[in-house]
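**Q** Dropping the sequence and predicted coords here.
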Amino acid sequence: MSNTIQPRLTKVFRFVRASYADGVAELAYAFDDGEELVERIRFPHAPAIPAARAAAFDAALKLLHLIAGVSYYKAGVPPRIELADGPLDDATAELLDQLYLHGLAEFAYRNGLDLRGRISFPRGGAAPAVGALALPKRTLVPIGGGKDSLVAVEAIKSIGGEATAVWVGNSALIAACAERTGLPTLNIQRELAPGLFELNRLGAWNGHIPVTAVNSAILAVAAILYGYDSITFANERSASAATLEYDGQQVNHQWSKSLAFERLLGDWLHTHVAADLDYCSLLRPYSELAITRAFAKLTPYFDVFSSCNRNFKLLGPKPVDRWCGQCPKCHFVFLALAPFLPKPRLLAIFGRNLLDDETQAAGFDALLEYQDHKPFECVGEGAEARAAMQALSQRPEWQEDALVERFRSEILPQLDVAQLALEPWLEPSAEHRVPARLQPALAAIG
Ligand SMILES: CC(=O)N[C@H]1[C@@H](OP(=O)(O)OP(=O)(O)OC[C@H]2O[C@@H](n3ccc(=O)[nH]c3=O)[C@H](O)[C@@H]2O)O[C@H](CO)[C@@H](O)[C@@H]1O[C@H](C)C(=O)N[C@@H](C)C(=O)N[C@@H](CCC(=O)O)C(=O)O
Ligand SMILES: Nc1ncnc2c1ncn2[C@@H]1O[C@H](COP(=O)(O)OP(=O)(O)OP(=O)(O)O)[C@@H](O)[C@H]1O
């Protein structure tokens, strides 16, 4: 990467090319006339692409190129986007406009940028005509190392569905969870363009990107390459709730886990890749609390899983014992599991009692949306955190712990107790996009 580039002063972001050979996809981007930034995705033991699926593969690869570009685009957020292959059809351009605007909303908010009216993918191209491909009836189940995907795995196993545990990246923790599922495994490697880190060093804009969208697009390519008719993420109902609102705009850290994104991508795959490729979230009907209740029964995973995102950094140190104990994910998962697990069991998982540590008060306050907004992390709604805390405040084994006692004496008097029941959070909602073939798995969750 030429160090003459000033990322924040660039004028054009270019999608240069996407190519694939021998199991390796290369996705190339550039700012202005700068050097190429090339991301590589490696698909292990890749079979030859069957001729009947060649067009679908090309369409999925093209979408991956467009979606994965978000990591690089954000470094400069220049005013113009150029596509080497010409304009997109309207549905594709709409998907990309929405993803870049909402998926980068947290990034924009935290950097004081306003992306409204700035992101506009060239449109005017023709839409393809796509039919079904008779894809094999088997499912890719993405694994993230945490509780949610393991609940989804066990639900799919409960109906005897043929499935593969798949993950992107080289996390040993995720690999251990995937092995523990007992399913066949597939590990896809993703290598960000090294030039991005150089741009960061040169003062590029930086911040959260909609990583679930990138993983989803990688798995759409994998589904066509290896032959799967479904990809079932484990995105909960609460993921659709905004983290905060400002200036009339919703900012949702988890936007690419939301139902809105699931609809956009699921419909797009049906109309642009294969009518029989289903993309959905198996956990969409459930709150975080319904999921932690289901996970509390999955004891074989207790010594391998972790929801702490600090494990998944590409660069820098990771927690020594899987749970850093300091971050919003650690706080939330501790709180959300507490009503459903015997206390000693929970303390054994985390190696400490986060609710008896006064120094963590501010972290739990944010989860409860008390004097703060919900953290920019993958955590449940404030109201469900409050319901969990209220449940603990009524249990003798928890009620004397420092932060539970603080909730009872300081926060509870300001709340409407009628809004704090746990049970309503355990009820599934009817809204989901799980295909008929997989719907029996929902019964295993709750
Ligand atoms: C692991 C993590 O949370 N990383 C976020 C963190 O990145 P950081 O700079 O502290 O370290 P690295 O992860 O090592 O990344 C180095 C730089 O690389 C760039 N980058 C990385 C991955 C990527 O896909 N695209 C990238 O451009 C970026 O410049 C990094 O600085 O802070 C970053 C800035 O806020 C975040 O972008 C990193 O988040 C990762 C993309 C990531 O994988 N995060 C997931 C754990 C995550 O947040 N998952 C969400 C799911 C919701 C969603 O899909 O939006 C969640 O669990 O809430
Ligand atoms: N590296 C990855 N490769 C593939 N899929 C992933 C990866 N990381 C996360 N996912 C998937 O993205 C979705 C959202 O991730 P999320 O972190 O919420 O789930 P989780 O790790 O299963 O549970 P938890 O909420 O406890 O962290 C899940 O379906 C998860 O499997």
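**A** It's in. Residues are numbered from 1 along each chain as shown. Ligands and ions are numbered 1, 2, ... in the order given.

**Q** When you work out contacts or count neighbours from here on, use the C-alpha atoms and nothing else.
**A** Noted.

**Q** how about the residues of the stretch 1-150 of the chain near ligand 2?
**A** With Cα under 6 Å from any ligand atom as the criterion, the stretch 1-150 of the chain meets ligand 2 at residues 142-149.

**Q** so of those residues, which ones are in strands?
**A** Using DSSP state E, the subset of those located in strands is Pro142.

**Q** among the residues of the stretch 1-150 of the chain next to ligand 2, which are in helices?
**A** Members of those lying in helices (criterion: DSSP state H): 147-149.

**Q** quick one: which of those residues has the most company?
**A** Ser149 (26 neighbours; other Cα atoms under 10 Å).

**Q** Quick one: residues contacting that one.
**A** Taking Cα atoms under 8 Å, 6 or more residues apart in numbering, we find Ser149 in contact with 141-143, 233-234.

**Q** Ligand 1 versus that one, what's the distance?
**A** Using Cα to the nearest ligand atom, to the nearest Å, one gets 12 Å for the distance from Ser149 to ligand 1.

**Q** of the ones in helices among the residues of the stretch 1-150 of the chain next to ligand 2, closest to Arg123?
**A** Ser149 (35.8 Å; Cα to Cα).

**Q** Can you read off the pLDDT for that closest one?
**A** Listed pLDDT for Ser149 reads 97.

**Q** Ala176 too?
**A** 97.

**Q** now do the one 10 residues further on
**A** In the prediction, the pLDDT value recorded for Leu186 is 98.

**Q** same check, this time on Lys318
**A** With respect to pLDDT, Lys318 scores 79.

**Q** Give me the phi and psi angles of Ala132.
**A** Here is the backbone geometry of Ala132 (degrees, to the nearest 10): phi -80, psi 150.

**Q** now do Glu82
**A** phi -120, psi 140.

**Q** Give me the sheet partners of the lowest-mean-pLDDT helix or strand in the chain and which way each runs.
**A** None of the helices or strands of the chain scores lower by mean pLDDT, DSSP states H and E than strand 244-246, at a mean of 85. Here strand 244-246 is paired, per DSSP bridges, with strand 249-251 (antiparallel).

**Q** what sits up against the following helix or strand past the strand it pairs with?
**A** Note on strand 249-251: by DSSP states H and E, the next helix or strand toward the C-terminus is helix 259-272. Helix 259-272 is contacted from outside by 56, 59, 91-92, 95, 99, 127-131, 237, 239-240, 255-256, 275-281, 284, 432-433, using Cα under 8 Å, 6+ apart.

**Q** model confidence over helix 259-272, on average?
**A** The model assigns helix 259-272 a mean pLDDT of 98.

**Q** so, in contact with ligand 1 or not, that helix?
**A** No - using Cα under 6 Å from any ligand atom, helix 259-272 stays clear of ligand 1, with a minimum separation of 10.2 Å.

**Q** list the buried ones in that helix?
**A** In terms of neighbour count (16 or more other Cα atoms under 10 Å), helix 259-272 has its buried residues at 259, 261-272.

**Q** that older thread, mind listing which of the contacts of helix 259-272 are in helices?
**A** Within those, residues falling in helices by DSSP H are 56, 59, 91-92, 95, 99.

**Q** And the residues you listed, which is closest to Asp229?
**A** Distances from Asp229 to the ones in helices among the contacts of helix 259-272, taken as Cα to Cα, are shortest for Ala56 (12.5 Å).

**Q** How much space separates that closest one from Glu162?
**A** 22 Å (Cα to Cα, to the nearest Å).

**Q** more neighbours, these two?
**A** Ranked by neighbour count (other Cα under 10 Å), Ala56 and Glu162 place Ala56 first, with 23 against 15.

**Q** Nearest residue to the spatially most central residue of the chain in space, please, no chain neighbours.
**A** With distances taken as Cα atoms, centre = their mean, Thr212 lies nearest the centre of the chain, 3.5 Å away. Nearest non-adjacent residue to Thr212, counting by Cα to Cα, 6 or more residues apart in numbering: Ser256, 5.6 Å away.

**Q** name the element Ile81 belongs to?
**A** In this structure, Ile81 is located in strand 80-83 according to DSSP H and E.

**Q** One more: Ala222?
**A** helix 211-226.

**Q** mind listing what's buried in that helix?
**A** For helix 211-226, the buried set under the neighbour-count rule, 16+ other Cα under 10 Å, comprises 211-226.

**Q** which of these come close to ligand 1?
**A** Cross-checking those against ligand 1 (Cα under 6 Å from any ligand atom) gives 211-212 as the overlapping residues.

**Q** Might you enumerate the residues of the stretch 301-446 of the chain proximal to ligand 1?
**A** 309-310, 312-315, 377-378.

**Q** so where do the helices sit in the stretch 301-446 of the chain?
**A** Taking DSSP state H, counting those that start in this stretch as the test, the helices found in the stretch 301-446 of the chain are 328-337, 343-350, 361-367, 382-393, 402-406.

**Q** How about residues contacting the longest one?
**A** The set of residues that contact helix 382-393 without belonging to it, under Cα under 8 Å, 6+ apart, is 288-289, 332, 335-336, 338-339, 367-369, 374, 398-399, 404-405, 407-408, 412, 419-422, 425.

**Q** Verify the contact between Pro428 and Tyr286 for me.
**A** Yes - with contact defined as Cα atoms under 8 Å, Pro428 counts as touching Tyr286 (5.1 Å).

**Q** Need the residues of the stretch 301-446 of the chain next to ligand 1 in TSV (columns: pLDDT).
**A** Formatted as TSV, these follow (pLDDT from 0 to 100):
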residue	pLDDT
Asn309	88
Arg310	92
Phe312	88
Lys313	87
Leu314	84
Leu315	81
Glu377	82
Cys378	86
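
**Q** Out of these, which is nearest to Arg116?
**A** Ranked by distance to Arg116 (Cα to Cα), those are led by Glu377 at 22.8 Å.

**Q** Compute the number of surrounding residues for the closest residue to that closest one other than its chain neighbours.
**A** Leaving aside its chain neighbours, Glu377 sits nearest to His253 (6.2 Å; criterion: Cα to Cα, 6+ apart). Neighbour count for His253, taken as other Cα under 10 Å: 29.

**Q** His253 touches Thr243, doesn't it?
**A** Yes - contact criterion Cα under 8 Å: His253 and Thr243 qualify, at 6.2 Å.

**Q** what do those two both touch?
**A** The contact sets of His253 and Thr243 overlap at Phe376 (Cα under 8 Å, 6+ apart).

**Q** related to what we said a few turns ago, can you pick out the most distant pair from the residues of the stretch 1-150 of the chain next to ligand 2?
**A** The widest separation within these, taken as Cα to Cα, falls between Pro142 and Lys147 and amounts to 12.0 Å.

**Q** Contacts only, for Pro319.
**A** Contacts for Pro319 were tallied using Cα under 8 Å, 6+ apart; they are 310-311.

**Q** One more: the one 3 residues further on?
**A** Arg322 is in contact with 305-306, 308, 311, counting by Cα under 8 Å, 6+ apart.
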